[in-house]
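# Sequence first, predicted coordinates after that:
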Amino acid sequence: MNDKPITLTEFLRKLPPITLVGVMGVCGKSTTLSALVQIFKNAKDTVGGKFMVVDLSREDLFESYLKDIRRDNIIITKIDAEYMEELDKSGIIPHISVFTNIVDIKPYKNLLKNLTYTNYVIGTDDAIDQIKKEIKESIHGKMIRTGVGILPKGLKLSDLSYHFREDISLAVRVAEIFEIPHQTIINTLSDFKGLPGRLEYIKKIKEVSYVNDAHSECFMALSVALPYVSNYKNAVLIFGGNENDYDSEIQIEKLVQYCHTFVVIPGSGSQKIYKNILNRDDIVSIYAEDVKDAVAKAHDRAGKGDVVIFSPGFCTNRVCGNRDERSEKFLEALRKL
């Protein structure tokens with residue numbers, strides 16, 4: 001008996017004919033997916049019971065998924081850039097490709113070049129413009145732009161950041177393709193509060209805002225997310241952790257546009273990057289022993305109108321624990337301020 005999980009390639013090749021909705025991009029995928037799943041759950045007369053959420057990172061669940069997936073099911077999944085090569089090999093093209101943002105177009109080139117007139121691409125103006133600029137060949141899929149302006153009237157999301165509302169607008173566009181009534185969308189999303197630890201506004205202390213983005217594990221995601229919560233160098237950024245596969249050094253120039261202070265927590269990735277920022281004269285860099293120490297030091301550096309954002313940009317380690325644990329460490333430190 002072979003208990004070894006099947007690979008992603010094997011899983012993709014064994015899928016029956018389905019409708020695949022793939023959510024892609026560097027950040028915002030979880031929020032978009034969560035909003036879309038909530039809408040689908042409430043659309044009982046349209047897609048309820050026909051859809052299934054699949055996690056492509058869980059090889060241990062592939063066998064179970066294959067037992068449950070039926071022909072013509074709607075499969076919703078996040079597709080990280082690292083999985084695109086496997087999709088290309090399998091000849092699978094999402095029927096609906098949802099782009100929260102695009103930092104590097106290369107992983108998606110084959111997908112975009114192979115679209116047919118039955119495929120959809122949904123993205124913000126920035127994402128669609130980047131696709132059209134960098135893909136020289138004709139793109140045959142239907143390109144649909146989105147933004148906060150398309151959110152249905154009556155949907156009250158003013159308490160959420162522009163970034164979250166933009167992500168939710170992507171989910172709304174997908175729902176429209178499946179002809180889900182706007183009232184169902186409104187009823188579903190009126191109670192949607194975003195996801196914990198993902199650009200989550202926590203509170204304001206002495207006119208300084210605190211944002212929890214503890215689930216950030218990619219430096220590119222951090223560089224994309226930071227502009228949504230800060231401007232004019234009014235941010236104190238707490239980041240750091242263990243090294244990942246991304247080249248973090250090239251993103252530093254983007255971060256200093258928005259930050260006046262870096263507070264760096266321990267980790268192999270932090271060590272690699274700290275030596276490159278320590279002697280910069282355009283930003284103050286402070287080393288912290290742990291998350292609690294980082295919050296205290298960030299609090300001391302922040303002034304009226306500033307934002308302190310905990311967005312690690314690196315993988316977790318023993319100092320912080322897993323993503324949920326480091327989120328709780330940040331929240332605990334805030335409660336003690």
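Done, it's in.

# Ignoring the adjacent residues along the chain, who's closest to Asn119?
Excluding the flanking residues, the one nearest Asn119 by Cβ to Cβ, 6 or more residues apart in numbering is Gly141, at 3.9 Å. In this view, the C-beta of every residue, glycine as well, is placed from N, C-alpha and C.

# swap in Lys206?
Lys304 (7.6 Å).

# Might one say that that neighbour is in contact with Ile205?
No - under the criterion of Cβ atoms under 8 Å, Lys304 makes no contact with Ile205, lying 11.2 Å away.

# so who does the residue nearest to Lys206 touch?
Lys206, Glu207, Val208 (Cβ atoms under 8 Å, 6 or more residues apart in numbering).

# I'd like to check what contacts the lengthiest helix in the chain. Which residues are they?
For the chain, the helix with the greatest residue count under DSSP state H is helix 162-177. When contacts are defined by Cβ under 8 Å, 6+ apart, helix 162-177 is touched by residues 21, 23, 28, 31-33, 35-36, 39-40, 43, 96, 98-100, 120, 122-124, 144, 146-148, 150-152, 157, 160, 184-185, 189, 192, 194, 199, 225, 228-229.

# chain center to that helix, what's the gap?
Here helix 162-177 is found 13 Å from its chain centre; the criterion is Cα atoms, centre = their mean, to the nearest Å.

# what about the closest residue to Phe178 other than its chain neighbours, how many residues close to it?
Nearest residue to Phe178, sequence neighbours excluded (Cβ to Cβ, 6+ apart): Val47, at 5.4 Å. Counted by other Cβ atoms under 10 Å, the residues lying close to Val47 total 20.

# re the thing from before, which positions in the longest helix of the chain come out as buried?
For helix 162-177, the neighbour count (16 or more other Cβ atoms under 10 Å) marks 163-176 as buried.

# coming back round to it: isn't the residue nearest to Phe178 right next to Ile74, touching?
Yes - taking Cβ under 8 Å as the definition, Val47 is a contact partner of Ile74 at 5.9 Å.

# In a strand, Ile185, correct?
No - looking at Ile185 with DSSP: H, G, I helix; E, B strand; the rest coil, it is helix, so not inside a strand.

# Count the residues that sit near it.
24.

# cool, Asn279 as well?
7.

# and it, how far is that from Ile93?
Using Cβ to Cβ, to the nearest Å, Asn279 is found at 48 Å from Ile93.

# From the contacts of helix 162-177, list just the buried residues.
21, 23, 28, 31-33, 35-36, 39-40, 43, 96, 98-100, 120, 122-124, 144, 146-148, 151-152, 157, 160, 184-185, 189, 192, 194, 199, 225, 228-229.

# Let's see which of the residues you listed end up in strands.
Val21, Val23, Ile96, Val98, Phe99, Tyr120, Ile122, Gly123, Thr124, Ile144, Thr146 (DSSP state E).

# For the fourth one, list each beta-bridge partner.
Looking back up the chat, that one is Val98. Val23, Ile122 (DSSP bridges).

# How about the last one?
When bridges are assigned using DSSP bridges, the partners listed for Thr146 are Thr124.

# Can you give me the pLDDT of it?
What the model reports as pLDDT for Thr146 is 95.

# which residues in the protein form strands?
Going by DSSP E, the chain shows strands at 19-24, 51-54, 74-78, 96-99, 120-124, 142-146, 200-205, 208-212, 235-239, 259-264, 284-287, 307-310.

# between these, which gets nearest to Lys89?
Closest approach to Lys89 among the strands of the chain (Cβ to Cβ): strand 19-24, 15.3 Å.

# so the closest one versus strand 120-124, what angle?
Orientation check (axes from the mean of the first three to the mean of the last three Cα atoms, to 10 degrees): strand 19-24 against strand 120-124 gives 30 degrees.

# So which elements touch strand 19-24?
helix 29-42, strand 74-78, strand 96-99 (3 or more Cβ pairs under 8 Å, 6 or more residues apart in numbering; DSSP states H and E).

# Off-centre distance for the last one?
Computed by Cα atoms, centre = their mean, the chain-centroid distance of strand 96-99 equals 13 Å.

# quick one: which of the ones in strands among the buried ones among the contacts of helix 162-177 is nearest to Gly267?
Nearest to Gly267 among these, with distances taken as Cβ to Cβ, is Val23, at 28.1 Å.
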